[in-house]
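S.K.: attaching a predicted model along with its sequence, questions to come.
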Amino acid sequence: MSNELNQDLVVGLDAGGTRTRAVLAFAATGRTVGEAVAGPGNALTVPLPRLTDHLAEAIGRSVPERVRGGVVAVVGGFAGSAGFAEFAGGDPGRLNALAALTEALRRLGIAPRTVGVSSDVEAAFASAPGTPADGLALVAGTGAVATRVAGHRCAATVDGDGWLLGDEGSGFWIGRGAVRAALRMADGRGGPTTLARTVGLALGLPAGLLEGAGGTGEARGTGKAGEARGTEEARGTEEARGTEGAESAGRAEGAAAGWSAARREAYRMRLLPTVMAQPPITLARLAPLVAEAARDKDPVAEAILREAVDHLTAAVRALDPRPGERIVVTGGLLGPDGPLTAPLTGRLEDLGLTVDQVADGCRGAVALARLGHGDPTLAAGAV
């Protein structure tokens, strides 16, 4: 890059619930010349000082000091930032993102002509081939949100309501489902599942409490009867359990053979405070355990993933998709090897949608920064 130091440069940021990624690119061509990753960048859930540090780290590592004077535009796609142009001005997430980004750039001695803040969904949508301006977007990673985009801006949003109120079908939602399934197995309400053992191991519970908890064929049940029990309990519906007598039988069958009542009770007493002592969103890191168990045909895990696909499909349906319309999907659950990619793609195609998969919002943030450099009003949330 030594012979190209005089070219204008732009920075695109994808700031999500798990990481912040920064990409440095040439303004004229969009070619990437540097990138770096730092900590979480959710503008609502990450405290402002820490958010600023993460942004400064990612940008500082991706932009060598000798070329910082050439940066003409910076755009960040932030989880937790509203994308609605009419209401974004007073949005707390957008204000946090803009304050943190401005301070991070000041620390680094970068003074771009344009600084823009968009939502992570807008950036992800712009990452699709051709930098589309209109269509649908679905993000399913730590959180989950579906959006209709018009003119590079969010026009309507479904879910994205955070771990407490929504994000149904997200990594957090799936991870929480794993813990709930483990607790239900331990207290007798739920069907046998290997998740009781894997969740306990992941959270550092003593190995002695897990003896008898790992789903052997006998513990999980065999054939359709075992699968039905696991599916019914993962859904957690009284209708599926049926009569009171059948429910009592389900409780009796719920404990894996060999997992004693004393161990099950001790498991619950250790698991609950361990989970409660951590930030709730960290449950998202348990989602891969569900995917792994589902690959091994654990019926409870399979049911959790099916319900996640149902939730995400419902979110897209709520946007009134039109046949032939483009939908851009991204997030850890929807990557090339994501546990929801194949089943959800099939459901979206059944709706007549054309599915584009993107890795994250960095490419889109770069594209928006390049647009903003040519026409600052096109950089989402430009200031």
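M.R.: Perfect, I can see it now. Numbers count the residues shown, from 1 in each chain.

S.K.: where exactly do the helices run in the stretch 201-350 of the chain?
M.R.: Taking DSSP state H, counting those that start in this stretch as the test, the helices found in the stretch 201-350 of the chain are 217-220, 223-235, 238-241, 244-254, 261-276, 287-295, 299-317, 341-350.

S.K.: how much space between T354 and G80?
M.R.: Here the criterion is Cβ to Cβ, to the nearest Å. By it, T354 lies 29 Å from G80. Glycine gets a C-beta too; all of them are placed from N, C-alpha and C.

S.K.: so these two - more neighbours on which side?
M.R.: Taking neighbours as other Cβ atoms under 10 Å, T354 and G80 compare with G80 leading, 25 against 14.

S.K.: surely A182 touches G200?
M.R.: Yes: between A182 and G200 there is a contact at 6.9 Å, judged by Cβ atoms under 8 Å.

S.K.: so where's the stretch 201-350 of the chain uncertain?
M.R.: For the stretch 201-350 of the chain, the stretches with pLDDT under 70 are 215-257.

S.K.: about what we covered before: what do A182 and G200 both touch?
M.R.: By the contact definition Cβ atoms under 8 Å, 6 or more residues apart in numbering, A182 and G200 are jointly contacted by L271.

S.K.: of those two, which one has the most company?
M.R.: Neighbour totals were compared for A182 and G200, and A182 leads with 29 against 23 (other Cβ under 10 Å).

S.K.: tell me what the helix or strand hosting the more buried one is packed against?
M.R.: Assigned by DSSP states H and E, A182 belongs to helix 171-187. Identification of packing neighbours for helix 171-187 by 3 or more Cβ pairs under 8 Å, 6 or more residues apart in numbering; DSSP states H and E yields helix 195-202, helix 223-235, helix 261-276, helix 287-295, helix 299-317.

S.K.: again, only this time at 7 Å
M.R.: The contact analysis (3 or more Cβ pairs under 7 Å, 6 or more residues apart in numbering; DSSP states H and E) places helix 171-187 against helix 195-202, helix 261-276, helix 287-295, helix 299-317.

S.K.: distance to A27 for the ones you listed - can I get that in a markdown table?
M.R.: What follows is these, written out as a markdown table (distance: least, Cβ to Cβ, whole Å):
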| stretch | distance to A27 |
| --- | --- |
| helix 195-202 | 44 |
| helix 261-276 | 47 |
| helix 287-295 | 37 |
| helix 299-317 | 34 |
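
S.K.: among the ones you listed, which is the most enclosed?
M.R.: Mean neighbours per residue, mean count of other Cβ atoms under 10 Å, is largest over those for helix 195-202, with a mean of 25.

S.K.: enumerate every residue touching Q357.
M.R.: Counting by Cβ atoms under 7 Å, 6 or more residues apart in numbering, Q357 makes contact with 329, 334.

S.K.: separation between L108 and L98?
M.R.: Remark: distance between L108 and L98 (Cβ to Cβ) = 16 Å.

S.K.: and these two? Which one has more around it.
M.R.: Between L108 and L98, L98 has the larger neighbour count (other Cβ under 10 Å), namely 21 against 17.

S.K.: and the host helix or strand of the more buried one, what's buried?
M.R.: Following DSSP H and E, one finds L98 within helix 92-108. For helix 92-108, the neighbour count (16 or more other Cβ atoms under 10 Å) marks 93-98, 100-105, 108 as buried.

S.K.: run through the bridge partners of R153.
M.R.: A150 (DSSP bridges).

S.K.: so what's the residue count around it?
M.R.: R153 has 21 neighbouring residues, counting by other Cβ under 10 Å.

S.K.: give me the pLDDT for it.
M.R.: The model reports R153 with a pLDDT of 87.

S.K.: how about the one 5 residues further on?
M.R.: What the model reports for V158 is a pLDDT of 95.

S.K.: give me the secondary structure label for it.
M.R.: Per DSSP: H, G, I helix; E, B strand; the rest coil, the secondary structure class of V158 is strand.

S.K.: tally of neighbours for it?
M.R.: V158 is flanked by 20 other residues according to other Cβ under 10 Å.

S.K.: state the distance from it to A315.
M.R.: In terms of Cβ to Cβ, V158 sits 4 Å off from A315.

S.K.: need the overlap of contacts for the two.
M.R.: Taking Cβ under 7 Å, 6+ apart as the contact rule, V158 and A315 both touch A146.

S.K.: what about G204, how many neighbours?
M.R.: So G204, with other Cβ under 10 Å, has 8 neighbours.

S.K.: picking up where we left off before, which SSE is immediately downstream of the helix holding L98?
M.R.: Next helix or strand after helix 92-108 toward the C-terminus (DSSP H and E): strand 114-119.

S.K.: ok, residues contacting the next helix or strand after that following strand?
M.R.: Using DSSP H and E, the next helix or strand after strand 114-119 towards the C-terminus is helix 120-126. Contacts to helix 120-126, defined as Cβ under 7 Å, 6+ apart, come from residues 14-16, 77-79, 83, 132, 135, 137, 139, 145, 147, 149, 152-154, 328, 330, 358, 360-361, 364-365, 367-368, 380.

S.K.: what's the average pLDDT for helix 120-126?
M.R.: The pLDDT scores in helix 120-126 average 89.

S.K.: can I get the CA coordinates of that helix in PDB?
M.R.: The C-alpha trace of helix 120-126 is given here as PDB (Å, rounded to 0.1, in the frame of the first residue of the first chain):
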ATOM      1  CA  ASP A 120     -26.400  -3.400  11.700                       C
ATOM      2  CA  VAL A 121     -29.300  -4.600   9.600                       C
ATOM      3  CA  GLU A 122     -28.900  -1.700   7.100                       C
ATOM      4  CA  ALA A 123     -25.200  -2.400   6.800                       C
ATOM      5  CA  ALA A 124     -25.800  -6.100   6.300                       C
ATOM      6  CA  PHE A 125     -28.300  -5.500   3.600                       C
ATOM      7  CA  ALA A 126     -25.900  -3.200   1.800                       C
END
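
S.K.: what's the first helix or strand after that helix?
M.R.: Assigned by DSSP H and E, the successor of helix 120-126 is strand 135-140.
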